[in-house]
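> Sequence below, structure please.
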Amino acid sequence: MNDFFASVVDKFTRCFIAKSYWKMILQGFRDSLIITFFSIILGLLIGVILATIRTSYDKNEESLKIKGGIGYWSLKILNSLCKAYIAVIRGVPVVVQLLIWYFIILATQKNSIIVAVAAFGVNSGAYVAEIFRGGIMSVDVGQFEAGRSLGFNYVQTMIHIIIPQAFKTVLPTLLNEFIAVLKETSIAGYVGITDLTRAGAIIRAQTFEAFMPLIAVAIIYLVTVIVLTALFTRIERRLRNSER
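Next up is the predicted model:
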């Protein structure tokens, strides 16, 4: 038994204490969180814009078609572009998108974290767009009429009335998307970023110990997801209470 504990302590020391490998884990975790945070913000921004365009077209297609003119055709073209964007992004693996951003679109960008944020944010935007589109479409039509009766135009109605209600509806689904973005950052090592997963892989390669670093990486991801879930559950509870 003593030999077992001595072996565990020795492996732990070689994997984390020796050569300060724990600092690499912390640095990788920090970079993963940075990429996740800014990717989520970018994804939300893109997603809300796309969802607004698509729902605006779906809800007003008939009336705009009757009126015709530049307004109808502009919205129709924007809707088609949004649908094409969503189809392409959802149809191409995220690792391929990351490599395209790194080697083609932002080939001159020296900061790999910026490349990763752009790639993961644009990818997430397509999924967030569909999530929000479903949420907006679920809001009762009477809410649009209520906004108009208050003197809001269509954009103001969306910003002040519809999107906040849709956000409450889609919050659980958004949590799943945010967790997915966090886990997707584990492939950031493909573009030279020492994220959490790559840090564990480097330690494994240098110490020839797989169990300790990989289990540590898995536990950190798991704890982060648990914390995120608890945070969103608390937000969701407060939003429900505010409706009473």
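> Report the buried residues of the lowest-mean-pLDDT helix or strand in the chain.
The weakest-scoring helix or strand in the chain, judged by mean pLDDT, DSSP states H and E, is helix 2-12 (a mean of 76). For helix 2-12, a neighbour-count test (16 or more other CB atoms under 10 Å) marks nothing as buried. C-beta coordinates here come from the backbone N, C-alpha and C atoms, glycine included.
> ok, and what's touching it?
When contacts are defined by CB atoms under 8 Å, 6 or more residues apart in numbering, helix 2-12 is touched by residues E209, F211, M212.
> Repeat that for stretch 181-195.
24, 27-28, 31-32, 35-36, 39-40, 43, 94-95, 98-99, 102, 112-113, 115-116, 120, 123-124, 196-198, 201-202, 221, 224-225, 228.
> try stretch 95-105
So stretch 95-105 is contacted by 89, 112, 115-116, 118-120, 122-123, 187-188, 190-191 (CB under 8 Å, 6+ apart).
> which is the next helix or strand following the longest helix anywhere in the chain?
Longest helix of the chain, by residue count under DSSP state H: helix 21-67. Counting by DSSP states H and E, the next helix or strand C-terminal to helix 21-67 is helix 69-91.
> Low-confidence stretches in the chain?
For the chain, residues meeting the criterion pLDDT under 70 lie at 1-2, 242-244.
> at 80 instead, please
Applying pLDDT under 80 to the chain flags the ranges 1-11, 60-69, 71-72, 141-142, 144-145, 148, 153-155, 239-244.
> now G68: how far from L75?
From G68 over to L75 the distance is 12 Å, taken as CB to CB, to the nearest Å.
> Equivalent analysis for F152, please.
According to CB to CB, F152 stands 19 Å off from L75.
> Then V139?
Where L75 is concerned, V139 sits at a distance of 19 Å (CB to CB).
> swap in V92?
26 Å.
> So between those two, which is more surrounded?
The residue with more neighbours, out of V92 and L75, is L75; 17 against 13, by other CB atoms under 10 Å.
> I figured the more buried one was touching T55, is that so?
No - using CB atoms under 8 Å, L75 is not in contact with T55; the gap is 11.0 Å.
> Next, the buried residues of stretch 217-236.
For stretch 217-236, the neighbour count (16+ other CB under 10 Å) marks V217, I220, Y221, T224, F232 as buried.
> Quick one: residues contacting D31.
By CB under 8 Å, 6+ apart, the residues touching D31 are I113, A188, I193, T194, D195, L196.
> Next, the contact list for the last one, please.
Contacts were defined as CB under 8 Å, 6+ apart; by that measure L196 touches I25, G28, F29, D31, S32, T185, S186, V217, I220, Y221.
> Please report how far it lies from K110.
Distance, L196 to K110, by CB to CB: 22 Å.
> Same check on the second one?
Using CB to CB, we find A188 at a distance of 15 Å from K110.
> again with the fifth one
Distance, D195 to K110, using CB to CB: 17 Å.
> Neighbour count for these two, which is higher?
More neighbours surround D195 than the other of D195 and K110, with 29 against 7 (other CB under 10 Å).
> Could I get the phi/psi values of the more buried one?
phi -80, psi -170 (degrees, to the nearest 10).
> now P93
phi -60, psi 140.
> Could you do R204 as well?
The phi/psi pair for R204 (degrees, to the nearest 10) is phi -60, psi -40.
> Would you check how far apart it and T185 are?
18 Å.
> So which of the two has more stuff around it?
Between R204 and T185, counted using other CB under 10 Å, T185 has the larger neighbour count: 25 against 17.
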